[in-house]
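# Prediction below, plus the sequence it came from.
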Amino acid sequence: LSLECVTEHERILQEIESTETACVGPTLRSIYDDQPNAHKRFMEKLDARIRNHDREIEKMCNFHHQGFVDAITELLKVRADAEKLLGQVRDTNRRLQEAGREVTVQTEDVIRCRIQQRNMATTVEKMQLCIPGIFTAFYTN
């Protein structure tokens, strides 16, 4: 394989990797238009490039795997804490609802008492207005 051919294959690979898929056709056609059997040598170069990318992907996955496992472990802990917190919130809500019912009952009792007091005060006031008339009627008979 000549240096010029290797360089051309490298250029074509870089162009394929960085070009829009619609524009790859003319690039690939240039492989078949060059020298005889150039496409076989290009395929060998392409296979080597794919193996290299696969190794890089595997390295990256291995590098990030432990971080991913740690993140999932932490997420499971957070989930357990969130479920515990949700239980506490529900319990607090239930207790507040019960306390609110008691306050509501007591408030209604206070309202009834105030209405009775107001009615009694109004009755006393009206009776006091009637007292002069009652005494006048009583003494004139």
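Done, it's in. Numbers count the residues shown, from 1 in each chain.
# Residue 10 versus residue 45, what's the distance?
Distance check for residue 45 against residue 10: by CB to CB, to the nearest Å, it reads 8 Å. All C-beta atoms are positioned from the backbone trio N, CA, C, and that covers glycine.
# So between these two, which is more surrounded?
Higher neighbour count among residue 45 and residue 10: residue 45, with 19 against 12, using other CB atoms under 10 Å.
# where's the host helix or strand of that one relative to the chain centroid, distance-wise?
In the assignment (DSSP states H and E), residue 45 maps to helix 38-140. Counting by CA atoms, centre = their mean, to the nearest Å, helix 38-140 is centred 16 Å from the centre of its parent chain.
# now it: mean pLDDT?
The average pLDDT within helix 38-140 is 89.
# for it, packing partners?
Helices and strands in packing contact with helix 38-140 are listed as helix 3-18, helix 24-33; criterion 3 or more CB pairs under 8 Å, 6 or more residues apart in numbering; DSSP states H and E.
# Give me the helices and strands touching the first one, please.
Packed against helix 3-18 by the contact rule (3+ CB pairs under 8 Å, 6+ apart) you find helix 24-33, helix 38-140.
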